[in-house]
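Enquirer: Fold the following for me, if possible:
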Amino acid sequence: MKATAIVIFIWSLLLPCWGYSGQLEPIKEPPVPQENPQTPAKVELGKKLFFDRRLSGDGTMSCATCHDPNQGYSDGLPLSLNYPTTRNWRNSPTLINVAYQKHLFHDGRSASLEEQALFPMMSAFEMNQNLDFMEEELRSVPEYLEEFAKVFGDPDITRQRVAMAIAAFERSLVSRDAPLDRYLKGDKKALSPQAVQGYELFTGKGKCSECHSGAALADGRFHALNVAENPEHLKDPRIAATRRFVGKVSDFADFRTLTEDPGRYLVTKDKKDWKAFRTPTLREIASTPPYMHNGIYTTLAEVIDFLDAGGGQGNTSVTPLHLTAAEKEQLRIFLEEGLNGKATAFSYPKIP
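Expert: Alright, predicted model coming up:
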């Protein structure tokens, strides 16, 4: 029995993206870690910190710079915004429903929102802040001392508490009651006739649900689709510097000659993860273009064409779908009409 279980486990690791039969589920309450319970006061504090430019080295950026509520908590750009004189090398992922993600960042290098929140603050090409200095900056603001005492029981402001508060705010960004949710609960009029046809393609011939499954529409795994590098990005010396820097701090031996994004490989050093990236959620997908880890596709139609053709050259994760033009359109309509829900009510905070 034990041997059989081990064989099944190993086989599951070897399966390509299109080897699972994922089930779609209505959205659920987001998971919350016991060590960081949600409270309204903590969420409100996290929102203020999320929009506070003190969290960047030169005071020009906040978390919201790259995760704008008006852009689906992304920034609408192929590559995420960056610290002055530098340039990022990856697309800004949406934070909507990020509470359901098992891994954070496109390469999954963080396992919790609390851990993830500090990375961009420290990153030389993002917010470029010294965390010791940030703590002292925040401690100089009386309103923050009062709010941290209210939330954590004493006024001490640490990077860990800053991350906990921001994570609590991010867990509140939930898209609920999408037409897909209502459809899955039995309301067969929740989707238009074309969207229903798209749903059937999504779960059938299109094989989308084999990676985009569950309530989050993401399998929590990494797949190497071999998305092409953007030729324009390869010409930019600032992006080249970022690419080499990330390779260097990731202990990639050949970082000086790195000319492409190795993806998950930089985290695991496992060959199967070369150019593999996390499966993104598809909820609110119509609100968060452009797409893929490098933002190379502007529209959902382009993404559908890419997957219909069997992904990028040499990949073994997906195979051609042979969708007709009408089927591609039905799939697009389902993605655009079926996955947009009711976002959490939002208002901008007053930064102390």
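Enquirer: The spatially most central residue of the chain in helix, strand or coil?
Expert: The residue lying closest to the centre of the chain (Cα atoms, centre = their mean) is Pro93, at 4.0 Å. Under DSSP: H, G, I helix; E, B strand; the rest coil, Pro93 falls in the coil class.
Enquirer: tell me which element Gln194 falls in.
Expert: Element membership for Gln194 (DSSP states H and E) is helix 193-203.
Enquirer: How about residues contacting that helix?
Expert: 24, 179-180, 183, 188, 191, 208-209, 212, 323, 327, 329-335, 337-338 (Cβ atoms under 8 Å, 6 or more residues apart in numbering). Backbone N, C-alpha and C define where each C-beta goes, glycine included.
Enquirer: One more pass at 7 Å, please.
Expert: Helix 193-203 is contacted from outside by Leu24, Leu191, Cys208, Ser209, Glu327, Gln330, Leu331, Ile333, Phe334, Glu337, Gly338, using Cβ atoms under 7 Å, 6 or more residues apart in numbering.
Enquirer: Could you dump those into a markdown table with secondary structure, distance to Tyr83 and neighbour count added?
Expert: Formatted as a markdown table, those follow (DSSP: H, G, I helix; E, B strand; the rest coil; distance: Cβ to Cβ, whole Å; neighbours: other Cβ atoms under 10 Å):
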| residue | secondary structure | distance to Tyr83 | neighbour count |
| --- | --- | --- | --- |
| Leu24 | strand | 39 | 18 |
| Leu191 | coil | 43 | 22 |
| Cys208 | helix | 36 | 25 |
| Ser209 | helix | 39 | 21 |
| Glu327 | helix | 44 | 19 |
| Gln330 | helix | 43 | 23 |
| Leu331 | helix | 38 | 29 |
| Ile333 | helix | 39 | 20 |
| Phe334 | helix | 38 | 27 |
| Glu337 | helix | 38 | 19 |
| Gly338 | helix | 38 | 26 |
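Enquirer: And the furthest pair within the residues you listed?
Expert: Leu24 and Glu327 (18.4 Å; Cβ to Cβ).
Enquirer: ends of stretch 191-211, how far apart?
Expert: 22 Å (Cα to Cα, to the nearest Å).
Enquirer: what does stretch 271-289 give?
Expert: 30 Å.
Enquirer: Buried residues, it. List them.
Expert: 273-289 (16 or more other Cβ atoms under 10 Å).
Enquirer: Let's verify the nearest residue to Thr319 once chain neighbours are set aside: helix, strand, or coil?
Expert: Leaving aside its chain neighbours, Thr319 sits nearest to Gly310 (5.2 Å; criterion: Cβ to Cβ, 6 or more residues apart in numbering). Here Gly310 is coil, with the state taken from three-state DSSP.
Enquirer: where exactly do the helices run in the stretch 251-352 of the chain?
Expert: 265-268, 300-308, 325-338 (DSSP state H, counting those that start in this stretch).
Enquirer: Between those helices, which one is closest to Val174.
Expert: Taking the helices of the stretch 251-352 of the chain one by one with Cβ to Cβ, helix 325-338 is closest: 17.0 Å.
Enquirer: Any idea how many residues pack against the residue nearest to Ile304 when sequence neighbours are not counted?
Expert: Closest residue to Ile304 apart from its sequence neighbours, by Cβ to Cβ, 6+ apart: Lys328 at 5.1 Å. By the measure other Cβ atoms under 10 Å, the count of residues near Lys328 is 20.
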